[in-house]
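>>> let's see this in three dimensions:
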Amino acid sequence: MTSVSMNTPKRFLFCSLASHGFLHPLIGLARELSGRGHQVAFVTDPAFAPDLEAVGLPRIGRSATADGPSFTLPIWYQPLAAAIQVKHIEYPCRASRRTCW
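Below is the predicted model of the structure:
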C-alpha cells in the first residue's frame, strides 16, 4: 500500500447546487484549500461562472464541447436533472485522468 503524506497537494471538486446559498460558503473553503496549495474546481450551473471567475476559481463545464444548465435548484431531484448532474461530475473526473484541471 502506498502512503500519502498529509502535505501532498490534493484535488477537490466542488459540486454546488445553483444557488448563492450553496455556492458562496464553498467558495470560502475552496479559496482556503487553494491557498494551501491544493487544486480546486467547481461544477455548477453556468450562471455562476462570473462568481467563480471573480475570485479566481475555475468552473468546469458539462463537456469539452457543450455546456448548459446543471444543478438547477428547483428540479435537482428529478431523474433527468439528476442524470445531467452525474454526467457533469463524471466529465471532469474522467478528464482529470488525462490532464489537470
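
>>> report pLDDT for residue 58.
At residue 58 the predicted local distance difference test score is 94.

>>> measure it to residue 86 for me?
20 Å (C-beta to C-beta, to the nearest Å). The way it works is simple: take the backbone N, C-alpha and C, and place the C-beta from them, glycine included.

>>> so which of those two has more stuff around it?
More crowded of residue 58 and residue 86, by other C-beta atoms under 10 Å: residue 58, with 15 against 10.

>>> neighbours of the closest residue in space to residue 81 that isn't next to it in sequence, how many?
In space, residue 81 comes closest to residue 75 once its chain neighbours are excluded; the distance is 4.5 Å by C-beta to C-beta, 6 or more residues apart in numbering. Residue 75 is flanked by 13 other residues according to other C-beta under 10 Å.

>>> residue 49 against residue 58, yeah?
No: applying C-beta atoms under 8 Å as the test, residue 49 and residue 58 come out as separate, 9.5 Å apart.

>>> what's in contact with the helix or strand encompassing residue 21?
Following DSSP states H and E, one finds residue 21 within helix 20-35. Residues outside helix 20-35 that contact it (C-beta atoms under 8 Å, 6 or more residues apart in numbering) are 10, 12, 14, 16-17, 40, 42, 44, 48, 51-52, 55, 57, 73.
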